[in-house]
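**Student:** below are the sequence and a predicted model for it; my questions follow.
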Amino acid sequence: MNISNIIQKRRTVYPNQFDKGNVDSSFVKILLENANHAPSHRLTQPWFFKVYKGKSKDILSKEMASSFEQFSNNSNFIDIKKKKIIEKCKQSSCIICIFMKEDPENSVPEWEEIAATSMAVQNMWLTCAANNVGCYWSTPKYTSLMNDFFNINEGERSLGFFYLGKFDHSKITPKQRASIEDKTEWNN
């Protein structure tokens, strides 16, 4: 499979779409190694990750639900949403928490560090697509309430959760995209 095919079949696959089976830790290591090869201005490499599997994933799911409850101001749906959060975690073989560390020298703007971390996530996403692993990047607003749980330092921040599970990408029907011609201006 060539890189264009992998890019074009990359999709968000939600945890309720995952197939049965676990994603091996050896694959997760490859995934993270590929993430580590993302470009970054001045080679700041601002990304770092925390991997949750097994019992640690259960603890994470409870902390996520609790943080959502603290963050939410709509009491009508809190219990339903908390159950959904916990269920998404149970349906996932593994959850990788994504973090960005600001350059202590402030040699590059923050948006470049976020962009570099996003490119690391894209490398993970493409690796999943090439290996029949489904994935979903969630960026809930309540992650800022989890800094103590994650034990992150000043200048570090959460950029969300990357859920993983087995998935047969041949089941994906490509979505229609707007023409690139409508999004491109050629200047010669």
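**Tutor:** That came in fine, so what should we check first?
**Student:** for stretch 147-156, the distance to its chain's centre please.
**Tutor:** 18 Å (C-alpha atoms, centre = their mean, to the nearest Å).
**Student:** which residues does it contact?
**Tutor:** 48, 50, 63, 67, 97, 99-102, 104, 157-158 (C-beta atoms under 8 Å, 6 or more residues apart in numbering). Any C-beta I mention is one placed from the backbone N, CA and C, and that applies to glycine too.
**Student:** show the buried residues in those.
**Tutor:** 48, 50, 63, 67, 97, 99-102, 157-158 (16 or more other C-beta atoms under 10 Å).
**Student:** can you give me the helices in this structure?
**Tutor:** 3-9, 25-35, 54-71, 78-91, 110-130, 147-150 (DSSP state H).
**Student:** out of those, flag the one nearest residue 41.
**Tutor:** helix 110-130 (5.0 Å; C-beta to C-beta).
**Student:** the closest one packs against which elements?
**Tutor:** helix 3-9, helix 25-35, strand 47-52, strand 94-101, strand 133-138, strand 156-166 (3 or more C-beta pairs under 8 Å, 6 or more residues apart in numbering; DSSP states H and E).
**Student:** what angle sits between that helix and strand 133-138?
**Tutor:** Interaxial angle, helix 110-130 versus strand 133-138 (axes from the mean of the first three to the mean of the last three C-alpha atoms, to 10 degrees): 150 degrees.
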